[in-house]
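Participant: sequence first, then the predicted structure, then my questions.
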Amino acid sequence: MTKATPAGRSTALDAVTLVSLTWGDPDDVRRPLALLLHGFPDTAHTWRHLGPALAAAGYRVVAPFTRGYAPSGLPADGSFHVPALMDDALGLHAALAGDDRAVLVGHDWGAITGNGIAASEANPFGAIVSLAVPPFAAMNPRRDDLTRWLRIMPRQAGMSWYTLYNQLPRLPERGFDRLVAHLWRRWSPGYDATEDLAHLAAALPDDAHCAAALGYYRAQARVRQLPARYRPLARDWVAPPRVPLLYLQGEDDGCLDARWATRIGERLPTGSRVGVVERAGHFLQLERPDVVNSLVLEYLDERVEASR
């Protein structure tokens with residue numbers, strides 16, 4: 001697959017300056033904005049397949065290195081809470097003159113951010129796509145599917161060990177390289193992550209940046225430290241989405257049990273789509289870019305038609 005070389009762009013927001021990879025002219029407001037948000041342990045380079053595909057389809061594509069990942073800055077307010085990530089996405093939409101044609105695609109923490117925006121009255125995006133992490137509200141148990149939920153939870157608890165490990169002081173930083181290499185192997189079995197780990201090493205070059213990436217996990221348990229400017233978004237990131245979205249997950253995902261995808265469709269707003277991508281793990285946009293690109297573009301075309 002041919003990969004177009006992305007350009008770069010710097011955007012100064014109130015609390016942080018974000019540097020983005022771009023495909024297509026980000027200032028050409030005749031084109032709808034596509035904002036692509038990466039997760040952990042990953043970088044904006046995760047969109048090296050989807051970015052060019054969206055640009056070829058007529059979008060101006062902006063994929064930021066999220067706060068704490070170089071060459072973006074460390075946030076002045078020190079917040080890595082999800083409402084802060086949501087505020088950054090909303091700030092980029094405004095700074096880039098986005099409108100209601102704009103789309104947001106997120107993977108992992110980017111998906112958590114997108115899911116929160118899908119639940120917020122502040123949402124300015126016309127379409128939202130989430131990869132690998134569904135809305136948390138859709139994962140909650142219900143009386144009518146409690147048995148299915150209970151069948152998933154033991155395996156999921158074992159898969160989620162790293163979320164507790166990342167709460168430890170200093171130890172995750174000391175073994176960071178081994179940790180992230182292990183997660184890539186377990187989360188996407190058989191995928192060669194050599195290129196992605198090199199990009200990650202460049203984005204997290206020292207202890208401060210590694211601590212920032214781990215801070216995404218540590219911040220959520222420290223709600224009282226959420227800065228006041230983000231509090232209007234505080235409940236949205238765990239609330240049910242208000243708007244339709246596309247949710248995709250890899251069949252062999254070693255981070256989040258793929259069975260979640262089989263039980264959330266009926267809980268999403270009308271017009272949503274759920275898909276499980278065969279022969280793909282957690283980083284499905286890299287493992288099966290042909291399939292993911294096709295599903296994303298097809299869904300975005302559906303949303304455009306529905307808005308007419």
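Facilitator: Now that the structure is in, tell me what you want to look at. Numbering: from 1, shown residues only.

Participant: please count neighbours and contacts with C-alpha atoms only from this point.
Facilitator: Noted.

Participant: isn't V29 right next to A97, touching?
Facilitator: Yes: using CA atoms under 8 Å, V29 is in contact with A97, at 6.9 Å.

Participant: can you give me the helices for the protein?
Facilitator: In the chain, the segments counted as helices under DSSP state H are 50-56, 82-95, 109-118, 136-139, 146-159, 161-165, 171-174, 176-187, 194-203, 207-220, 261-264, 284-287, 289-307.

Participant: Serialize those to CSV and add fields for distance to T270, mean pLDDT and mean neighbour count.
Facilitator: Shown next, in CSV, are these (distance: least, CA to CA, whole Å; pLDDT from 0 to 100; neighbours: other CA atoms under 10 Å):
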stretch, distance to T270, mean pLDDT, mean neighbour count
helix 50-56, 24, 98, 22
helix 82-95, 23, 98, 21
helix 109-118, 13, 98, 29
helix 136-139, 14, 95, 17
helix 146-159, 23, 94, 13
helix 161-165, 32, 96, 12
helix 171-174, 41, 95, 16
helix 176-187, 30, 98, 16
helix 194-203, 36, 98, 16
helix 207-220, 30, 96, 19
helix 261-264, 12, 91, 17
helix 284-287, 25, 98, 23
helix 289-307, 12, 94, 15
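
Participant: for R9, which of those helices is the nearest?
Facilitator: Among the helices of the chain, the nearest to R9 by CA to CA is helix 82-95 (11.4 Å).

Participant: run the angle between that closest one and helix 109-118 for me.
Facilitator: Relative orientation of helix 82-95 versus helix 109-118 (axes from the mean of the first three to the mean of the last three CA atoms, to 10 degrees): 80 degrees.

Participant: any residues touching helix 82-95, and which ones?
Facilitator: Contact partners of helix 82-95, identified using CA atoms under 8 Å, 6 or more residues apart in numbering, comprise 11, 13, 33, 35, 66-67, 99, 112-114, 116-117, 123-124, 216, 220, 230-231, 233-234, 236-237.

Participant: restricting to C-alpha, output stretch 82-96 in CSV.
Facilitator: Output of stretch 82-96 as CSV, limited to C-alpha atoms (Å, rounded to 0.1, in the frame of the first residue of the first chain):
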residue,chain,number,x,y,z
VAL,A,82,-10.0,12.5,29.6
PRO,A,83,-11.9,15.8,29.8
ALA,A,84,-8.6,17.5,29.1
LEU,A,85,-8.1,15.3,26.0
MET,A,86,-11.6,16.2,25.0
ASP,A,87,-10.9,19.9,25.4
ASP,A,88,-7.9,19.5,23.2
ALA,A,89,-10.0,17.9,20.4
LEU,A,90,-12.6,20.6,20.7
GLY,A,91,-9.9,23.2,20.7
LEU,A,92,-8.4,21.8,17.5
HIS,A,93,-11.8,21.7,15.8
ALA,A,94,-12.2,25.4,16.6
ALA,A,95,-8.6,26.4,15.7
LEU,A,96,-8.8,24.6,12.4
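
Participant: now that stretch, how far from the chain's geometric center?
Facilitator: The gap between where stretch 82-96 is centred and where its chain is centred comes out at 13 Å by CA atoms, centre = their mean, to the nearest Å.
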